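Visitor: from the sequence below, what's the structure:
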Amino acid sequence: MSPQTGAPRSNAISRAMRLSASRPASLLLLCAFFWIVAAAGFSGFMGKWGLMGTEGKPAEEQRYGLPLMLDGSASKPFVYRQLAPMLANAAEKLAPDGLKHHANRLLLPKWQLARVISPPAPEHRFRYLVIHQLSFLALFLSLFVLRRVLLDLGIGSSTAILSPAAFVLAFPYIQTVGGFYYDSIELLCMGTAFLLAHRGRMLPLIALALPAALNKETFIFFLPALYPLLRQRLPVKSAAAATAAAILVAGLVNVALKLHFAGSDRGGVAELHVLGNIRYYLNPLSYLNAFEFTYGIIGPARLFAGTALVAALVVLRGWSSAPPAVRRHLLVAAAVNVPLFLLFCAPGELRNLSLLYVGLVTMIGFACERSSGHRAAGSVTP
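Guide: Alright, predicted model coming up:
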């Protein structure tokens, strides 16, 4: 081998070895950053809403407090959101007593740092802890899923990290009027569903519909918005069949839950707020005089004018750079979500615009790329 050919090959091998060695370090740094971001966002949620214990709380929270969710006696429709309570109850039965005692002793004295001012009753302590950790873990994993979504859409690596982080840090502001432990699980489910649809993974998407609908019954309304993404990878019939099958699974879960709790006389299948919403959104002062504490600082509440302006600017900046399938996804999601929001959600309850979450994260990514002078390379085939 001549020196001329040997040197470039040696340099290539050396670069490959350095790249391979850097990957674990990069992954560790990414995990550390996302952990800090998720912890900050989750602490913002806990500081405002806690885990909705019922001890000493107002009558409104007595309808959907965590103890009631755990024993299945919460009001409808809240009681339908059973994924985390079912997992917590299963963990209570399966975990050794030593593990439960150690976990309670190590972690539960810290409850006074959150809105759960009084500690849970002894019979609920370990299950509170399980749900607390599940909710945080879902928020943490959501960051990785949303990053992967943006990378698949051709967003640059730095923007793909910072855009989900920005959304998660803003999440406690979106959790205005109310916030629940299953909100972060919903974000994870919807982000994963978007990713699977964009990659054309039919069977995993259909399987995901079961736990996602068990977490929150509204997941079924998110599924039609995935059709434009599926259509990128699949023929019309296959994309339609995958969408219909996922809707069928989610629908069967919803029916099963409603039948299981049909004997409860507390609450109804849904709560109508349309008249209150009409009065609220037609009043210009509603967009100016709405404040609450988030992260310990006074900030916007409900659909504050500043919040609406920021969201509109993000969408306007990101829209032209987004692929057509992503724009169609957002349009379908909005067409489904906005009427539901006006009919069934309390005035200004932004967390119930959840069908738009993933689309908004993509808009943040494309808006940031535009602001930095970069253009996404387009959808990347996984």
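Visitor: Pro347 in helix, strand or coil?
Guide: Secondary structure state of Pro347, per DSSP: H, G, I helix; E, B strand; the rest coil, is coil.
Visitor: so what's it up against?
Guide: For Pro347, the contact set (Cβ atoms under 8 Å, 6 or more residues apart in numbering) comprises Val177, His273, Gly276, Asn277, Tyr280, Tyr281, Ser286, Arg302. C-beta: built from backbone N, CA, C; applies to glycine.
Visitor: can you put those residues in TSV and add neighbour count, pLDDT and distance to Ser371?
Guide: Shown next, in TSV, are those (neighbours: other Cβ atoms under 10 Å; pLDDT from 0 to 100; distance: Cβ to Cβ, whole Å):
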residue	neighbour count	pLDDT	distance to Ser371
Val177	17	89	31
His273	17	92	37
Gly276	12	94	38
Asn277	19	95	34
Tyr280	19	95	33
Tyr281	14	95	30
Ser286	17	93	30
Arg302	19	94	28
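Visitor: between the residues you listed, which is closest to Gly267?
Guide: Among the contacts of Pro347, His273 lies closest to Gly267 (Cβ to Cβ), at 13.7 Å.
Visitor: surely the closest one meets Ala346?
Guide: Yes: taking contacts as Cβ atoms under 8 Å, His273 lies within contact range of Ala346: 5.5 Å.
Visitor: got phi/psi on Glu355?
Guide: No, residue 355 isn't Glu; it's Leu. Torsion angles at Leu355 (phi, psi; degrees, to the nearest 10) stand at phi -60, psi -20.
Visitor: the residue nearest to it when sequence neighbours are not counted: what secondary structure?
Guide: Leaving out its chain neighbours, the residue that sits closest to Leu355 by Cβ to Cβ, 6 or more residues apart in numbering is Asn337, at 3.9 Å. With three-state DSSP as the basis, Asn337 sits in helix.
Visitor: got a pLDDT number for Asn337?
Guide: Here the pLDDT value assigned to Asn337 is 98.
Visitor: with the one 3 residues further on instead?
Guide: At Leu340, the pLDDT value in this model is 96.
Visitor: can you tell me the helix or strand for it?
Guide: In this assignment (DSSP states H and E), Leu340 forms part of helix 324-344.
Visitor: repeat that for Gly318.
Guide: Element membership of Gly318 [criterion: DSSP H and E] is helix 305-319.
Visitor: which residues touch the spatially most central residue of the chain?
Guide: In the chain, the centroid-proximal residue (Cα atoms, centre = their mean) is Leu187; its distance is 1.3 Å. Leu187 makes contact with Ala138, Leu139, Ser142, Phe171, Ser354, Tyr357, according to Cβ under 8 Å, 6+ apart.
Visitor: and it, helix, strand or coil?
Guide: Going by three-state DSSP: Leu187 is helix.
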